[in-house]
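Asker: with the sequence up front, the predicted model follows.
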Number of protein chains: 2
Amino acid sequence: MPTIKDVARLANVSIATVSYVLNNSGLVSEATRARVLAAVEELGYRPSIIARSLKGKHTHMLGFVLSPFARQPQDPFFNEFLSALADTAASFDYHVAVTTTADLSSERKTYEDMVRDRRVDGFIVADTRPDDERLAYLVTAGFPFVAFGRPANELDFPYVDVDGRAGVKRAVQHLIDLGHRRIGLIELSPALVCRMHRRQGYETALQENGLPLQPELIAVGGLTEKDGYLAMSGLLDLARPPTAVIAGNDLMAVGAMNAIRDRGLAVPDDVAIIGFDDIPLASYVRPTLSTLRQDFYGIGERLVRMLMALLRGEEITEPQKILEPTLIIRESSGGALTKG
Amino acid sequence: MPTIKDVARLANVSIATVSYVLNNSGLVSEATRARVLAAVEELGYRPSIIARSLKGKHTHMLGFVLSPFARQPQDPFFNEFLSALADTAASFDYHVAVTTTADLSSERKTYEDMVRDRRVDGFIVADTRPDDERLAYLVTAGFPFVAFGRPANELDFPYVDVDGRAGVKRAVQHLIDLGHRRIGLIELSPALVCRMHRRQGYETALQENGLPLQPELIAVGGLTEKDGYLAMSGLLDLARPPTAVIAGNDLMAVGAMNAIRDRGLAVPDDVAIIGFDDIPLASYVRPTLSTLRQDFYGIGERLVRMLMALLRGEEITEPQKILEPTLIIRESSGGALTKG
DNA sequence: GAAGGTTACTTAAACGTTTAAGTAACCCTA
DNA sequence: TAGGGTTACTTAAACGTTTAAGTAACCTTC
């Protein structure tokens, strides 16, 4: 591996001159510049990022810590989002360091360690939570980061979020338009900030249509297919079960569909279902799942751009960006069938 | 951020002594060691990995490059495998740098860049291919790496692979035992080494049971659900379609099931299906999918352990490890129904 | 009681960069 | 023609570690 010294020797200049040429700083004559560049080419020289990092104060690394939530193997969020992070980071000559945490209690320590070890220049944090220790730590430590998801409190940082309120409201409206009057909600885990906004969308839609809010139609869900299965079973046990249900994510929606089928009922004829996310599974499952689409790739891309601006001290164009999810109507909501 | 100098000053020793204490090398008296450790504690000192990396020759980073194959959002391989890499690396105080490549042509360059920039100490390469440029490059460059998958040629490197031959053979035997005589195969992409072994398993099983090899029952597949759908459609167009089909992976198996259903036929009554991988989708889909399970998490874990041994110059216990996939019998093969 | 060994340190160089400060040559300008 | 400015470099320090080499004190051993 050639170093800057080898280049300097070959070009017959000092290492400082080589550095100036490479960084386009300082005053270097055209002739010398050409000689240095030729030497660089001949030796196949690449500056050591490590030496650069030691001198400057950046590592050219972005951190992404997998939370116990996102780590569920069936969650394709992971895949699309991470691809976006890596792709976009690469376009800035950055890389993404991925770490995991076994449990929530060690999560804060993981962030602290990465900060103290100066492993990364900034973080991308996903799935904001109420009382989010990660956000609290990073804000007080003054360490650069961006988040997928809003804060639950008054913490100030750049983020991208999806408008769960508007999304769920539109989904409920769609079901009401189809004639449904008893609409259930299988909620996301209370550990996620976005649960609150979705609940608001649900309540607002009912209210605007003059429908009563019936607490028994709101089931505590979670994250997994099993959570959805159990929540739906509970709703079906009611004296008057809902005729349509919105689930907090697609995984739970699929679980709900299985629960309905296992009772000998049909989707969407007996119960219509709408999910959230538009994971690939949504179009594989039969009946295909109506859902609210989040563009994970686009969100990841936008987050990295924001973080890069932050690191460079540039102005962030839209430091708090809310994106609308798209209602994708497939078979499970009955809308496509009724119309077509 | 305190440095080793601050610790040395506080403990009233030289920085060399601090370093010796921290690395458990050199001779340091108990009293001095205790004083240094106290100073470290008081200041909350952490050694700079960057400085360490500059001195030593390692970055404490492992590289994983997402190939255009693995990057398909619906491929849950990604998720489980990467979690394993990150988890296991963390247990060695290592991190995983994830990079993507837009297309195959730029892939080699991505590896070269990471090597030349000394970004990582070693690589984990997934999904070996015939004429694999990545392997060829890393072997000739003498850069440490381990692979998920065997080489197609005589290249020598440590790897973990799944015995696709034995797996498919067992699956075919299972179908034969259920009475099937016309068994089809939807192959994986020819760009993957493992396709060949699976084909061998298919052919061997037919042969051992005295069944003829009928080339028209072998369909060129690919990787995605769509590939499976198209391949199955082709098989169903035959004058005498197969009564059972093995697919190269679960995604294609699901595609095949949808193709069967869209013709008004039933799984497993008209055509039995067995997939490969046991992705989470396999148990969500109805009928649930019989498949050959690969333990992606376990494989990732094993690979990192091998790579760490390689980096430390230790002996690798089993440098070429072949694992048996497990045949998981669910509804789509008809076996469970017949028996139960 | 001097030679040699051990113990417990310190000094200083090195890793590969960046960059402030120094310098020498040249060209203006008054 | 001395003083000052510009140009085009070089020198050397610094970033935070590791580690070979040096050193001084003490302990053996014969």
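Answerer: Nice, I can see it.
Asker: quick one: the spatially closest residue to A:T204 that is not a sequence neighbour from A:G210, how far?
Answerer: Sequence neighbours aside, A:K169 is the residue nearest to A:T204 in space, at 5.4 Å (criterion: C-beta to C-beta, 6 or more residues apart in numbering or on different chains). Any C-beta I mention is one placed from the backbone N, CA and C, and that applies to glycine too. Distance, A:K169 to A:G210, using C-beta to C-beta, to the nearest Å: 15 Å.
Asker: and for A:G264?
Answerer: A:G264 is 33 Å from A:G210, by C-beta to C-beta.
Asker: try A:V125
Answerer: Distance of A:V125 to A:G210, computed by C-beta to C-beta: 40 Å.
Asker: next one: A:T326
Answerer: Distance from A:T326 to A:G210, by C-beta to C-beta: 27 Å.
Asker: between the two, who's got more neighbours?
Answerer: Per other C-beta atoms under 10 Å in any protein chain shown, whichever of A:T326 and A:G210 has more neighbours is A:T326, with 13 against 7.
Asker: and the more buried one, what is it in contact with?
Answerer: Taking C-beta atoms under 8 Å, 6 or more residues apart in numbering or on different chains as the contact definition, A:T326 lies against A:D278, A:L292, A:R293.
Asker: make it 7 Å
Answerer: Residues near A:T326 by C-beta atoms under 7 Å, 6 or more residues apart in numbering or on different chains: A:L292, A:R293.
Asker: check whether whichever residue of the stretch 101-250 of chain A sits closest to DNA strand C sits in a helix, strand or coil.
Answerer: Using C-beta to the nearest atom of the strand, the closest approach of the stretch 101-250 of chain A to DNA strand C is made by A:R118 at 14.2 Å. For A:R118, the secondary structure call by DSSP: H, G, I helix; E, B strand; the rest coil comes out as coil.
Asker: residues of chain A that sit close to DNA strand C?
Answerer: Within chain A, the residues that sit near DNA strand C (C-beta under 7 Å from any atom of the strand) are A:1, A:3-5, A:15-16, A:19-20, A:22-23, A:25-26, A:45-48, A:50-52, A:54-56.
Asker: please flag which of these sit within helices.
Answerer: A:4-5, A:15-16, A:19-20, A:22-23, A:50-52, A:54-55 (DSSP state H).
Asker: max pairwise distance over these: which two?
Answerer: By the measure C-beta to C-beta, these have their two most distant members at A:Y20 and A:I50, which lie 20.5 Å apart.
Asker: more neighbours: which of the two?
Answerer: Neighbour count, other C-beta under 10 Å: between A:Y20 and A:I50, A:I50 has more, with 23 against 18.
Asker: now do the same end-to-end measure for stretch A:18-37.
Answerer: 8 Å (C-alpha to C-alpha, to the nearest Å).
Asker: near DNA strand D at all, it?
Answerer: Yes: using C-beta under 7 Å from any atom of the strand, stretch A:18-37 reaches DNA strand D at A:Y20, A:G26, A:L27, A:V28, A:S29, A:A31, A:T32.
Asker: low-confidence stretches in chain A?
Answerer: A:69-76, A:335-340 (pLDDT under 70).
Asker: ok, 50 please
Answerer: A:337-340 (pLDDT under 50).
Asker: near DNA strand D, which residues of it?
Answerer: A:12-17, A:20, A:26-29, A:31-32, A:51, A:54-55.
Asker: among those, which one sits closest to A:D237?
Answerer: Nearest to A:D237 among the residues of chain A next to DNA strand D: A:L54, at 63.4 Å, using C-beta to C-beta.
Asker: the residue nearest to A:T204 reaches A:R199, doesn't it?
Answerer: No: the criterion here is C-beta atoms under 7 Å, and A:K169 misses it with A:R199 at 10.8 Å.
Asker: quick one: which of those two has more around it?
Answerer: A:K169 (21 against 18).
Asker: my read: A:I246 touches A:I274, true?
Answerer: Yes: applying C-beta under 7 Å as the test, A:I246 and A:I274 come out as touching, 5.0 Å apart.
Asker: joint contacts of these two?
Answerer: Common contacts of A:I246 and A:I274 (C-beta under 7 Å, 6+ apart): A:A171.
Asker: buried stuff in stretch A:38-58?
Answerer: A:39-40, A:43, A:45-50, A:52-54, A:58 (16 or more other C-beta atoms under 10 Å in any protein chain shown).
Asker: how long is it end to end?
Answerer: Stretch A:38-58 has its terminal residues 28 Å apart, counting by C-alpha to C-alpha.
Asker: can you give me the helices in the stretch 201-340 of chain A?
Answerer: A:225-236, A:250-262, A:281-284, A:296-311, A:335-339 (DSSP state H, counting those that start in this stretch).
Asker: highest mean neighbour count out of those helices?
Answerer: helix A:250-262 (a mean of 25; mean count of other C-beta atoms under 10 Å in any protein chain shown).
Asker: quick one: contacts of the helix or strand where A:H174 lies?
Answerer: Element membership for A:H174, per DSSP states H and E: helix A:164-177. By C-beta under 7 Å, 6+ apart, the residues outside helix A:164-177 that reach it are A:183, A:194, A:197-198, A:200-202, A:204-206, A:209, A:244, A:246, A:272, A:274, A:292, A:324-325, A:327, A:333, A:335.
Asker: between helix A:225-236 and the next helix or strand after it, find me the angle.
Answerer: Following helix A:164-177 in sequence order, the next helix or strand is strand A:183-188 (DSSP H and E). Going by axes from the mean of the first three to the mean of the last three C-alpha atoms, to 10 degrees, strand A:183-188 is angled at 150 degrees with respect to helix A:225-236.
Asker: for strand A:183-188, the distance to its chain's centre please.
Answerer: Distance of strand A:183-188 from its chain centroid, counting by C-alpha atoms, centre = their mean, to the nearest Å, is 22 Å.
Asker: just to revisit the earlier point, so how do I select the buried members of the residues of chain A next to DNA strand D in PyMOL?
Answerer: Here is the PyMOL command that picks out the buried ones among the residues of chain A next to DNA strand D, judged by 16+ other C-beta under 10 Å:
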select buried, chain A and resi 13+17+20+28+32+54
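Asker: farthest-apart pair in the residues of chain A next to DNA strand D, please.
Answerer: Across those (C-beta to C-beta), the longest gap, 31.6 Å, separates A:A31 and A:L54.
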